[in-house]
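Asker: Pasting the sequence and the predicted model now:
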Amino acid sequence: TTSGLYTSKILRHDVVTELEVHESDTGFATGNATALALLDSTLYAFRSGSSEVYTEDIHSGVSGTTTKGSSSTVNTATTDSLSIWYGTSSEVVEWDISGSAVPRKSSTGSIEDIIFANGYIWASDSTNDAVYKILPDSPYTSTTITVGSDPQGLAYDGAFVWVANSGANTLTLINVDTNDTSSVDVSTLGTTPEHLVFDGSKLWISFSGSDELGYYNVATEALSSATVGIEDINALAFDGSRVWAAEAMTSSTDSGDIYKVFTGNGNSHGNPTIKKGQLMYETGGDLRCLSITGTTVSASATLTNCQ
């Protein structure tokens, strides 16, 4: 934020939990934090229009600053376990945190998202409707892959890199070995897809200005949606069991909450209340239930009778 780097609160099972506020006393308190990256045990926060980078050890809490050598604003960042890679409005850069940042892909358009997957750096370029696949070692060769209009978020499912094409209301899936592409139309779920995250079976999709998350079952190729209850989802993350959605602060009435989404049925921002006499089971990546009333057992394709 403009007043410092902090996290405010998480809404979990309808209980608001306040988190620790990290106010920087090392000069970071002015200017926006535009991207974060975690390398080893250190969090790096990039400041808008500045070469200064805020650092904090996630275990000890010791904070400080370092410099990346360039004042270009960082739009997005990731790590390959050795270096931090970030994207700006015109290049993809490798920074080994001990010296100046080195451009590895120059003369690009605006880099919106960047990930490390299958041994390569992948970066979406919204200006040129492309994704760059970059070898993170010498000779740093790159491949340009044409995708849909205005690509934004990226995600990796173990076989494909997925791209949210904001201007086309589609997803592009890129075979990480062959670079072949195909697309999925998600216009039935919403418009302007932005952020993606993969939970092991479903690809979750946020849409600009929407309070709903879409999800695509990669095994069954089924599309569905879940209402989260916030106006505009600004980021998605998966912790191994649940998807988290962060609310964008677009107006004074927005709370900036972080919602925990129950990934089993995609219906609510907390775990559903399970009544007595219910048997829950999973099939095809979706949660199902058996409703038991006396000696009568009824199978349900939804959770309607189980909450």
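Answerer: Received it, and whenever you're ready, just let me know what you need.

Asker: Report the beta-bridge partners for the closest residue to residue 233 other than its chain neighbours.
Answerer: Distance criterion C-beta to C-beta, 6 or more residues apart in numbering; nearest residue to residue 233, sequence neighbours excluded, is residue 206 at 3.9 Å. For every residue, glycine as well, the C-beta is placed using N, CA and C. Counting by DSSP bridges, residue 206 is bridged to residue 213.

Asker: Spatially central residue for the protein, please.
Answerer: residue 236 (4.0 Å; C-alpha atoms, centre = their mean).

Asker: tally of neighbours for the residue nearest to residue 233?
Answerer: 29 (other C-beta atoms under 10 Å).

Asker: likewise residue 127?
Answerer: 14.

Asker: Now do the same contact list for it.
Answerer: 108, 109, 110 (C-beta atoms under 8 Å, 6 or more residues apart in numbering).

Asker: Out of the residues you listed, give me the one that has the most neighbours.
Answerer: residue 108 (22 neighbours).

Asker: Excluding covalently adjacent residues, which one is nearest to that residue?
Answerer: residue 125 is the one closest to residue 108 (C-beta to C-beta, 6+ apart), at 5.1 Å.

Asker: follow-up on the earlier one: and the residue nearest to the centre of the chain, what does it touch?
Answerer: Taking C-beta under 8 Å, 6+ apart, one finds 153, 195, 196, 197, 204, 206, 213, 243, 244, 245, 246 in contact with residue 236.

Asker: quick one: low-confidence ranges for the stretch 201-307 of the chain?
Answerer: 229-231, 249-257, 262-307 (pLDDT under 70).

Asker: what do you get if the cut-off is 80, keeping everything else the same?
Answerer: Across the stretch 201-307 of the chain, the ranges flagged by pLDDT under 80 are 211, 227-232, 241, 247-307.

Asker: The residue nearest to residue 108: neighbour count?
Answerer: Neighbours around residue 125, by other C-beta under 10 Å: 23.

Asker: any idea how far residue 162 is from residue 175?
Answerer: 11 Å (C-beta to C-beta, to the nearest Å).

Asker: These two: who's more crowded?
Answerer: Using other C-beta under 10 Å as the criterion, residue 175 and residue 162 rank with residue 162 on top: 21 against 13.

Asker: tell me which of the contacts of residue 236 is nearest to residue 58?
Answerer: residue 244 (17.3 Å; C-beta to C-beta).

Asker: one step back: which strand or helix spans the residue nearest to the centre of the chain?
Answerer: strand 233-238 (DSSP states H and E).

Asker: Can you give me the buried ones in that strand?
Answerer: For strand 233-238, the neighbour count (16 or more other C-beta atoms under 10 Å) marks 233, 234, 236, 238 as buried.

Asker: Let's see which of the contacts of residue 236 end up in strands.
Answerer: 153, 195, 196, 197, 204, 206, 213, 243, 244, 245, 246 (DSSP state E).

Asker: Include distance to residue 120 when you put the residues you listed into TSV, please.
Answerer: Shown next, in TSV, are the ones in strands among the contacts of residue 236 (distance: C-beta to C-beta, whole Å):
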residue	distance to residue 120
153	17
195	21
196	17
197	19
204	23
206	25
213	28
243	25
244	26
245	28
246	27
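
Asker: got any ranges where the stretch 1-150 of the chain has weak pLDDT?
Answerer: 1-33, 99-100.

Asker: can you give me the strands for it?
Answerer: Counting by DSSP state E, counting those that start in this stretch, one finds strands in the stretch 1-150 of the chain at the ranges 9-12, 15-18, 33-39, 42-47, 52-57, 63-67, 76-79, 84-87, 92-95, 102-105, 111-117, 120-125, 130-134, 142-146.

Asker: Go through those strands and name the closest to residue 226.
Answerer: strand 9-12 (15.2 Å).

Asker: picking that back up, list only buried entries from the ones in strands among the contacts of residue 236.
Answerer: Applying 16+ other C-beta under 10 Å to the ones in strands among the contacts of residue 236 flags 153, 195, 196, 197, 204, 206, 213, 243, 244, 245, 246 as buried.
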